[in-house]
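> Fold the following and give me the result.
(chains A and B)
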Amino acid sequence: MTVTAPPSPQADNAALPRLLAGVGRDLVLGLAGHEREYGTLWLRGPAGNRRPERLIDIVEAAGLTGRGGSGFPTGRKMRSVAGRGEAVVVANGAEGEPASAKDRLLLSYLPHLVLDGITLAADAVGATEAHLCVHRQEHDLIDGLAAAVAERRHAGLDPVPIQVTGIPGRYVSSEQSSIVQYLNGGPAKPTFSPPRPHESGVRGRPTLVNNVETLAHVALIARHGDRWFRSAGLPSAPGSMLVTVDGAVRWPGVYEIELGTAAGEVVALAGGPAEDLQALLIGGFFGAWLPVEVAWPVPMTQAGLRAAGGALGAGVVVALPGSSCGLAETARVMRYLAEQGAGQCGPCLMGLPALADGVADLAFQGGRGRAVDAIAALLPLIEGRGACRHPDGATQLARSAMRAFIADARWHDQCGPCDGVRRAPLLPIPGDGEEDWDWT
Amino acid sequence: MSHQLRVNPIACRGHGVCAELLPEIIELDPWGYPILRSAVIPPALVLHARRAAATCPTLALILERAQIHRRHKSAGSPA
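You can find the predicted model right below:
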């Protein structure tokens, strides 16, 4: 995966790039360059007379939704935290999704955009504490962020000091209740809800957990307003979003698109298919496979992807070539997800390994005519039965594979593995060497 | 006032006592963890449900009055 700015992002569209406007001049945009590129941040409006909560009204009017995968309205989330006493803001930059690179791009090259967003959110919800959480193995990233925070401290920019915190690197550790439990001194595992973080989060205080891209959008909305934000995207799904495009495309990388852009146009933005495609994985490991003819016109919005049986997730698009085996790709991801669970809830602890075995049998052994039905029978035993969405994300991916690749699945089940299983894996699965297995 | 059951899946260790005491509502999956056929408990079964909840060795079965905020939750609470 390369982390690059778009070569010439939609040259005909003056509105974009927004977030990525500052990428490419200097490698890391320092504070001076940041202010030159995006303009000065006025915490309470240019005249300094804005009520702190006024930002929540503006974010709500902008129609910004969470860019970490939930798609929850950001303004409403902020409002649920504001006015409940001293709050805590947590910026989630622990990009758990192995196929996504957009949060790392923002934090690496445009840290001040995210830090602006944290400071704005902290002011709006009345926070007295702010954390920026990233995976603790990413030492370079943490050093870079610490330098950016120090630069801002000298300039007196952040009334609420921002603490950069490294968290464990497991897939479910970046779930918001995991982060809250870790900041409270516990293991970075999801907790049973309610209470949810906005009710009782870090040290029992109302806690706003937002993805770092979401906060970067807040930084621009505070500067330019809700109408500006809505001038990109659809009325029902406004603004822009970052997508990570990978797989069989000419220029894999991170791109900024308007919401509602067709998935096929996203592939075109990344240089188009590098070979014949059979399917797109949209949304990442918690997303869904869609056959290429289904996926091509689907608008990149929560609603559009849900209607197609998928999910927008954190905006991952992976193009699967015709010569690859979608079942083998899915089997490797299912094994990874089964190993990445917190091991807390029985149906996930027992069910995901069984499901991973079933998909692996089908992909690599052939199923002796029984695997397709066995997988279908397992899915409802796992879905909706965990404390977090980990089992649901995994079953959604498996279900979509059995739908998108059903002809291939029947072939595997009856006749054994297809030629595609010998192709090198396409989807990035973190190896054991990179794993951070501790929860605390 | 209707009652409903919830399982705390983190606390549940699959002892299976609940399925013994409330077979009308609870069955066990292949690994011994409870599946609720319905969250809402008919009035005639509330006493049995209360006993099942109180007998769970890990107190993972939660019987509660159906509350209005549940409806808000289905409309979407901060994720």
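> all helices of the stretch 201-350 of chain A, in order?
Listed in chain order, the helices of the stretch 201-350 of chain A (DSSP state H, counting those that start in this stretch) span A:212-224, A:226-230, A:263-269, A:292-295, A:302-307, A:326-340, A:346-360.
> Chain B: which of these is closest?
Distance to chain B, taken as Cβ to the nearest Cβ, is lowest for helix A:346-360 among these, at 3.9 Å. C-beta: built from backbone N, CA, C; applies to glycine.
> out of the helices of the stretch 201-350 of chain A, nearest to A:R104?
Closest to A:R104 of the helices of the stretch 201-350 of chain A, according to Cβ to Cβ: helix A:212-224, at 9.4 Å.
> near chain B, anything from that closest one?
No - residues of helix A:212-224 contacting chain B under Cβ under 8 Å from any Cβ of the partner chain: none, with a closest distance of 11.9 Å.
> From the contact counts, what lies against that helix?
helix A:31-38, helix A:54-62, helix A:74-81, strand A:87-92, helix A:102-109, helix A:111-125, helix A:226-230, strand A:240-247 (3 or more Cβ pairs under 8 Å, 6 or more residues apart in numbering or on different chains; DSSP states H and E).
> Kindly reformat those as CSV containing mean pLDDT and mean neighbour count.
Below are these laid out as CSV (pLDDT from 0 to 100; neighbours: other Cβ atoms under 10 Å in any protein chain shown):
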stretch, mean pLDDT, mean neighbour count
helix A:31-38, 95, 17
helix A:54-62, 97, 20
helix A:74-81, 97, 23
strand A:87-92, 98, 28
helix A:102-109, 97, 24
helix A:111-125, 97, 27
helix A:226-230, 95, 17
strand A:240-247, 98, 25
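> Could you export the ones you listed as a markdown table, including distance to chain B?
Below are these laid out as a markdown table (distance: least, Cβ to the nearest Cβ, whole Å):
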| stretch | distance to chain B |
| --- | --- |
| helix A:31-38 | 28 |
| helix A:54-62 | 13 |
| helix A:74-81 | 4 |
| strand A:87-92 | 12 |
| helix A:102-109 | 17 |
| helix A:111-125 | 12 |
| helix A:226-230 | 20 |
| strand A:240-247 | 17 |
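> Between these, which one is closest to A:D373.
Minimum separation from A:D373 across these (Cβ to Cβ) falls at strand A:240-247, 29.7 Å.
> With just CA atoms, put the closest one into CSV.
Provided in CSV are the C-alpha atoms of strand A:240-247 (Å, rounded to 0.1, in the frame of the first residue of the first chain):
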residue,chain,number,x,y,z
SER,A,240,-16.2,14.6,1.0
MET,A,241,-14.5,11.5,2.4
LEU,A,242,-11.2,9.7,2.2
VAL,A,243,-11.1,6.3,0.5
THR,A,244,-8.2,3.8,0.4
VAL,A,245,-8.1,2.1,-3.0
ASP,A,246,-6.1,-1.1,-3.3
GLY,A,247,-5.9,-4.3,-5.3
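> which helices and strands sit right next to that strand?
helix A:102-109, helix A:212-224, strand A:253-258, helix A:263-269, strand A:316-321.
> And the average pLDDT for the last one is what?
If I follow you right, that is strand A:316-321. In this model, strand A:316-321 has an average pLDDT of 98.
> Can you tell me the strand partners of that strand and which way each runs?
Sheet pairing of strand A:316-321 (DSSP bridges) gives strand A:240-247 (parallel), strand A:277-282 (antiparallel).
> Which one of the helices and strands packed on strand A:240-247 lies nearest to A:R76?
helix A:212-224 (12.6 Å).
> Measure how far that closest one is from the centre of its chain, please.
Put simply, helix A:212-224 sits 16 Å off its chain's centre (Cα atoms, centre = their mean, to the nearest Å).
> my read: A:G253 touches A:A270, true?
Yes - proximity of A:G253 to A:A270 meets the contact threshold set by Cβ atoms under 8 Å, at 6.6 Å.
> quick one: low-confidence ranges for the stretch 151-300 of chain A?
Residues of the stretch 151-300 of chain A meeting the criterion pLDDT under 70: none.
> so where's the longest helix in chain B?
Longest helix of chain B, by residue count under DSSP state H: helix B:46-55.
> Who are the packing partners of that helix?
Counting contacts by 3+ Cβ pairs under 8 Å, 6+ apart, helix B:46-55 packs against strand B:3-7, helix B:17-21, strand B:61-65.
> Tell me how far it lies from the chain's centre.
9 Å.
> what angle do that helix and strand B:3-7 make?
Interaxial angle, helix B:46-55 versus strand B:3-7 (axes from the mean of the first three to the mean of the last three Cα atoms, to 10 degrees): 30 degrees.
> contacts for helix B:46-55?
Contacts of helix B:46-55 from elsewhere in the structure, counted by Cβ atoms under 8 Å, 6 or more residues apart in numbering or on different chains, are B:3, B:5, B:17-18, B:21-22, B:24-26, B:41, B:59, B:61-63.
> Let's see the distance spanning stretch A:161-177 from one end to the other.
22 Å (Cα to Cα, to the nearest Å).
> Give me the buried stretch members for that stretch, please.
In terms of neighbour count (16 or more other Cβ atoms under 10 Å in any protein chain shown), stretch A:161-177 has its buried residues at A:162, A:164-177.
> interface residues of the stretch 201-350 of chain A facing chain B?
Taking Cβ under 8 Å from any Cβ as the test, the list of the stretch 201-350 of chain A residues beside chain B reads A:344-348, A:350.
> Show me the one in the residues you listed that has more neighbours than the rest.
Neighbour counts for those (other Cβ atoms under 10 Å in any protein chain shown) peak at A:C348, which has 28 neighbours.
> Would you confirm that that one contacts A:G384?
No - look at A:C348 against A:G384 with Cβ under 8 Å: they stay out of range, at 10.7 Å.
> which residues do the two both contact?
A:P391.
> Tell me how far the closest residue to A:G272 other than its chain neighbours lies from chain B.
The shortest distance from A:G272 to any non-neighbouring residue, by Cβ to Cβ, 6 or more residues apart in numbering or on different chains, is to A:R250 (6.0 Å). Distance of A:R250 to chain B, computed by Cβ to the nearest Cβ, to the nearest Å: 35 Å.
> Can you read off the pLDDT for the residue in the stretch 51-200 of chain A positioned nearest to chain B?
Nearest residue of the stretch 51-200 of chain A to chain B, counting by Cβ to the nearest Cβ: A:S70, 3.6 Å away. Per-residue pLDDT puts A:S70 at 85.
> Same check on B:R70?
Per-residue confidence (pLDDT) for B:R70: 48.
> right, and B:C18 touches B:E27 too?
No - with contact defined as Cβ under 8 Å, B:C18 does not reach B:E27; the gap is 10.0 Å.
> What count of nearby residues applies to A:P46?
10.
> and if you look at A:D140?
Neighbours of A:D140 (other Cβ under 10 Å): 8.
> Got the phi and psi for it?
Note on A:D140: its backbone torsions stand at phi -60, psi -40 [degrees, to the nearest 10].
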